[in-house]
Each structure stands twice: as structure tokens, then as C-alpha cells.
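[1] sequence and predicted structure, then a few things I'm wondering about:
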Amino acid sequence: MAQEIVKKRLQQKRKLQGTVVSTKMEKTITVRVDRKIKHPKYGKFYAVSKKFKAHDEKDMAKMGDVVEIAEARPLSADKRWVYVRTVKAAQE
């Protein structure tokens, strides 16, 4: 019963995909998430991006990787996301 509740809570967390833009901190990566927004009046789509700091315990992510991050409890003053997996590795 308890395992089902934990599993359900993990499924409800927000997940985002973005590109790693910085790995200079210990156990932390900065991920840029890009999305397209439609202008309400003119209907044109334009790009908006936002950076999130995510906890990467084992320093698995590298610069340029496309990664998935999930919402978590506050881990520091500005870190509220955790690294889940690498979707696509960066080209070297």
C-alpha cells in the first residue's frame, strides 16, 4: 500500500526536458528549458527559455546533453529539481 502511494506521488511530479548549459558546480547542473509560445494577438510563435538548477548526485550529465529533470523538495536556496536521466548525449 505504501509503495503504491510513493509510486503515485512520483508519477504526479512535473518533468521537464532541457539542455545542460553548466556543470561547474558540485552535484548541480543548470538546465535550459526551451518552449514555444503563441502570441495572443498576432498568433506568431516565439521561443522562451528558462534555466533551472537540478541536483545531479553522481555528476552523470555533461555539457550539451538533453536531460530530463523532475520536481523535488527544496534542496538549497534555488535548487528544486533533480536529474532523472539523459535523453540524448551531446555530440563531441
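    All right, it came through fine.

[2] show me where this structure has its helices.
    Along the chain, the segments classed as helices by DSSP state H run 2-12.

[3] point to the helix or strand of it where mean pLDDT is at its lowest.
    When the helices and strands of the chain are scored by mean pLDDT, DSSP states H and E, helix 2-12 comes last with a mean of 61.

[4] isn't His55 up against Leu75?
    Yes. Counting by CB atoms under 8 Å, His55 touches Leu75, with 5.2 Å between them. In this view, the C-beta of every residue, glycine as well, is placed from N, C-alpha and C.

[5] what about Thr28, neighbour count?
    20 (other CB atoms under 10 Å).

[6] pull the contacting residues for it.
    Neighbour list for Thr28: Lys53, Ala54, His55, Asp56, Lys79 [criterion: CB atoms under 8 Å, 6 or more residues apart in numbering].

[7] bridged to it, which residues?
    On the basis of DSSP bridges, Thr28 is bridged to Met25, His55.

[8] just the buried positions in stretch 81-92, please.
    By neighbour count with 16 or more other CB atoms under 10 Å, stretch 81-92 contains the buried residues Trp81, Val82, Tyr83, Val84.

[9] what bridges to the second one?
    When you say that, I think you mean Val82. His55, Ala70.

[10] what residues are shared contacts of His55 and Leu75?
    With CB under 8 Å, 6+ apart, His55 and Leu75 have common neighbours Val82.

[11] ok so, going back, so which of the contacts of Thr28 is the most crowded?
    Result: Ala54 is most packed of these (other CB under 10 Å), 25 neighbours.

[12] pLDDT at the closest residue to it other than its chain neighbours, what is it?
    Of all residues not flanking Ala54 in the chain, Trp81 sits nearest, at 4.0 Å (CB to CB, 6 or more residues apart in numbering). Note for Trp81: predicted pLDDT of 95.

[13] sorry, back to before: can I get the buried residues of stretch 81-92 in CSV including distance to Lys36?
    As requested, these are arranged in CSV below (distance: CB to CB, whole Å):
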residue, distance to Lys36
Trp81, 21
Val82, 25
Tyr83, 24
Val84, 23
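
[14] how close does the spatially most central residue of the chain get to Ala90?
    Most central in the chain under CA atoms, centre = their mean is Ile69, positioned 3.3 Å from the mean C-alpha point. From Ile69 across to Ala90, the span is 16 Å (CB to CB, to the nearest Å).
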